[in-house]
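Undergrad: Got a predicted structure plus its sequence, pasted below:
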Amino acid sequence: MKGALSLLALASLCRSFVYAAPHNEDQVVLGNIPFEMGSKIKSSVLDFIDDGKKEILKGKANMEKWLHAGKEFIKQDDLLYELVSLPTLSSYQLRITEPKICDPAVKQYSGYLDIANDKHLFFWFFESRNSPKDDDLLLWLNGGPGCSSSAGLLFELGPCRVSDEGHNTTYNPFSWNTHANLLFLDQPVNVGYSYADDGTTVSTSPAAGKDVHAFLELFLSRFPEYSTQPFHLAAESYGGTYAPNIAKVIHEANKKLAVAPTPGHKHINLASVVLANGATNQYVQMASIPDYVCEGPFPIYDDPQGPQCQALRSKVPTCQRLIKACYTFGSRFTCAPANVYCNSQLLGSLMQTGVNPYDVRKKCDREKDGQLCYRQMEWVDTWMNNPKNMAALGVKPDLTFQSCNMEVNRAFTLNGDGMHNSAILLPDLINDGIRLLVYAGNADMMCNYIGNERWVEQLDTQFLEEFGSSKSVPWKLYKSGIQAGKVRSAGSGAGNVTFVTVHDAGHMVPYDQPEAALDLITRWIMNTPLNLDHNL
């Protein structure tokens with residue numbers, strides 16, 4: 001089993017085992033000055049917070065609570081937080097601070113969801129740059145499992161992007177908060193800035209869904225101004241497994257609330273689920289790997305009938321047999337073996353080709369580019385471990401940020417979580433009016449667009465026949481008129497079921513094609529068809 005797991009480590013962010021970006025445990029960088037990690041732990045957080053907060057905290061004991069102007073506050077880890085709780089969610093509370101970094105021009109909130117006083121999920125919120133009181137609310141989750149959504153923020157679609165090897169950030173004109181109020185959440189516990197006091201972690205997607213729902217209830221109770229707009233749940237990579245489970249929890253809670261209203265709880269206006277280069281139905285998606293690498297737009301092997309392609313195709317029947325057993329029985333004893341076999345046999349050899357699996361147009365030199373093939377992932381770690389940034393965000397000062405946590409990854413892998421069929425959770429949502437957008441960059445090998453389009457075609461919803469008979473049509477950017485990809489949809493507006501292929505983009509579409517990604521998400525949340533060339 002140990003040998004099989006070492007092969008599994010070759011698999012990617014999309015699947016259920018990843019390379020963790022290497023982290024230098026000896027030092028982080030503060031400005032251009034080496035800052036010893038041991039010094040960071042010993043240093044007072046007061047060195048990094050502003051004078052106003054210092055004055056408020058002066059003379060107060062750690063964990064002391066007090067009321068001011070009708071709000072409750074707490075001093076914890078020598079940091080100042082507003083405290084938010086609901087009597088009906090006794091196991092949860094929210095700690096909130098207000099940073100002014102990344103994009104100081106917009107209102108921000110960050111902090112922690114505390115779960116049963118021993119688990120803590122980090123969040124970071126940015127108001128819309130356009131019209132916060134009118135624009136929709138969007139929650140973004142990265143996958144892994146075990147990879148931080150803060151990495152997506154600083155690397156892909158947030159208001160700023162990490163630069164200068166992690167010493168600075170630059171303004172991102174294509175941030176998704178251009179027309180949306182934007183939330184990022186590091187989940188499950190022990191991912192990114194999230195942590196557990198006792199070291200335990202969540203290892204299944206259904207368990208993660210309950211915590212995300214509690215977070216949204218607390219956040220919207222504190223900030224009701226964002227509760228009336230439509231809410232969109234967007235997730236990338238392994239988020240294709242997370243998001244359907246989270247959406248199911250939210251939808252079922254909404255239905256219970258309609259029957260039996262609970263004081264203080266809000267109906268969460270779940271309008272859509274957005275899956276970005278996701279892993280959702282592995283029975284279909286794993287079988288598409290030989291088709292993509294042998295006959296796709298950027299083939300790795302020159303001869304579709306050559307020995308490498310034949311060898312890959314020969315592995316598909318066994319892989320699908322194992323996944324079918326996982327779908328039937330749902331236990332880790334059936335799902336973990338499917339995970340091991342399919343990842344090692346269908347992806348193992350491909351990871352040794354020297355190709356960047358997230359963008360097969362590029363080579364990957366892991367000594368130079370890092371284990372995840374993008375140096376910027378290491379820059380994210382550097383920026384997030386800057387004590388000044390940590391203090392501004394209300395982060396526990398002795399934490400060490402890692403873009404991806406291999407222990408969390410391993411826990412999900414050994415449970416076989418990623419081999420469950422998350423696609424079967426979507427039809428009930430869609431039939432009840434919740435829209436689905438699935439998009440994929442055509443240069444991504446790990447969650448390739450061929451497999452993603454195939455499982456969407458098979459979704460047994462009231463739009464099954466309409467989507468099946470639909471054709472891919474050009475999607476052109478409004479501002480430039482350039483064709484950014486192709487779109488298929490069924491339903492009205494931007495579609496109730498919509499699939500988009502993004503041209504010349506890999507696994508991280510907002511990184512490779514930022515203008516196209518913003519055009520896509522803006523039209524989607526405004527429910528404007530992608531095949532029409534009119535003003536947003």
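TA: All right, it came through fine.
Undergrad: Can you list the residue ranges for strands in the stretch 351-500 of the chain?
TA: Assigned by DSSP state E, counting those that start in this stretch, the stretch 351-500 of the chain shows strands spanning 435-441, 473-476, 483-490, 497-502.
Undergrad: Okay, angle between the longest one and strand 435-441 too, please.
TA: Calculated by axes from the mean of the first three to the mean of the last three Cα atoms, to 10 degrees, strand 483-490 forms an angle of 150 degrees with strand 435-441.
Undergrad: Which strands or helices does strand 483-490 pack on?
TA: If you count contacts as 3 or more Cβ pairs under 8 Å, 6 or more residues apart in numbering; DSSP states H and E, strand 483-490 packs onto helix 464-469, strand 473-476, strand 497-502, helix 514-525. (C-beta placed from N, C-alpha, C; glycine too.)
Undergrad: From the contact counts, what lies against the last one?
TA: Helices and strands touching helix 514-525, as assessed by 3+ Cβ pairs under 8 Å, 6+ apart, comprise strand 136-141, strand 180-185, strand 231-236, strand 270-276, strand 483-490, strand 497-502, helix 509-512.
Undergrad: In TSV: the ones you listed, plus distance to residue 251, mean neighbour count and mean pLDDT.
TA: Formatted as TSV, the helices and strands packed on helix 514-525 follow (distance: least, Cβ to Cβ, whole Å; neighbours: other Cβ atoms under 10 Å; pLDDT from 0 to 100):
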stretch	distance to residue 251	mean neighbour count	mean pLDDT
strand 136-141	14	26	98
strand 180-185	18	27	98
strand 231-236	10	26	98
strand 270-276	6	26	98
strand 483-490	20	22	98
strand 497-502	16	26	98
helix 509-512	26	24	98
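Undergrad: Quick one: closest of the ones you listed to residue 163.
TA: The closest of those to residue 163 is helix 509-512. By Cβ to Cβ, the value is 13.2 Å.
Undergrad: Now the closest one - C-alpha only, CSV.
TA: Output of helix 509-512 as CSV, limited to C-alpha atoms (Å, rounded to 0.1, in the frame of the first residue of the first chain):
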residue,chain,number,x,y,z
VAL,A,509,-8.6,29.6,-15.8
PRO,A,510,-8.7,33.0,-14.0
TYR,A,511,-4.9,32.9,-14.0
ASP,A,512,-4.4,32.0,-17.6
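Undergrad: Which residues does that helix contact?
TA: 152, 155-157, 174, 176, 276-277, 359, 439-441, 443, 502, 504-506, 516-518 (Cβ atoms under 8 Å, 6 or more residues apart in numbering).
Undergrad: same thing but 7 Å
TA: Identification of contacts with helix 509-512 by Cβ atoms under 7 Å, 6 or more residues apart in numbering yields 155-157, 276-277, 359, 439, 441, 502, 504-506, 517.
Undergrad: Can you flag the buried ones in those residues?
TA: Using 16 or more other Cβ atoms under 10 Å as the burial test, the contacts of helix 509-512 include 155-157, 276-277, 359, 439, 441, 502, 504-506, 517 as buried.
Undergrad: Now do the residue lying farthest from the centre of the chain against residue 381, distance only.
TA: No residue in the chain sits farther from the centre than residue 59, which is 39.9 Å out by Cα atoms, centre = their mean. Distance, residue 59 to residue 381, by Cβ to Cβ, to the nearest Å: 36 Å.
Undergrad: what do you get for residue 111?
TA: As judged by Cβ to Cβ, residue 111 and residue 381 stand 21 Å apart.
Undergrad: Residue 208 touches residue 185, doesn't it?
TA: No - proximity of residue 208 to residue 185 does not meet the contact threshold set by Cβ atoms under 7 Å, at 10.1 Å.
Undergrad: Quick check: closest non-adjacent residue to residue 440.
TA: Closest residue to residue 440 apart from its sequence neighbours, by Cβ to Cβ, 6 or more residues apart in numbering: residue 449 at 3.7 Å.
Undergrad: For that neighbour, grab the count of nearby residues.
TA: 27 (other Cβ atoms under 10 Å).
Undergrad: and if you look at residue 126?
TA: Residue 126 has 27 nearby residues by other Cβ under 10 Å.
Undergrad: one step back: would you reformat the helices and strands packed on helix 514-525 as TSV and include distance to residue 53?
TA: Formatted as TSV, these follow (distance: least, Cβ to Cβ, whole Å):
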stretch	distance to residue 53
strand 136-141	28
strand 180-185	23
strand 231-236	31
strand 270-276	36
strand 483-490	44
strand 497-502	43
helix 509-512	33
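Undergrad: So which of these is nearest residue 314?
TA: strand 497-502 (27.8 Å).
Undergrad: So what touches the closest one?
TA: Outside strand 497-502, the residues that touch it by Cβ under 7 Å, 6+ apart are 430, 436-442, 449, 453, 456, 459, 461, 463, 467, 475, 484-491, 509, 513, 516, 520, 530.
Undergrad: give me that answer again for 6 Å
TA: Contacts with strand 497-502, where a contact means Cβ atoms under 6 Å, 6 or more residues apart in numbering, come from 436-439, 441-442, 449, 453, 456, 463, 467, 485-490, 509, 513.
Undergrad: same check, this time on stretch 351-367
TA: Applying Cβ under 6 Å, 6+ apart, the contact partners of stretch 351-367 are 10, 12, 298, 300, 373, 443-446, 506-507.
Undergrad: circling back to that earlier point, pipe the buried ones among the contacts of helix 509-512 into TSV and attach distance to residue 525 per row.
TA: What follows is the buried ones among the contacts of helix 509-512, written out as TSV (distance: Cβ to Cβ, whole Å):
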residue	distance to residue 525
155	22
156	17
157	13
276	14
277	19
359	26
439	13
441	20
502	17
504	24
505	20
506	23
517	13
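Undergrad: For the residues you listed, point out the one with the lowest pLDDT.
TA: Within those, the minimum per-residue pLDDT falls on residue 155 (94).
Undergrad: need the contact list for that one.
TA: By Cβ under 6 Å, 6+ apart, the residues touching residue 155 are 376, 380.
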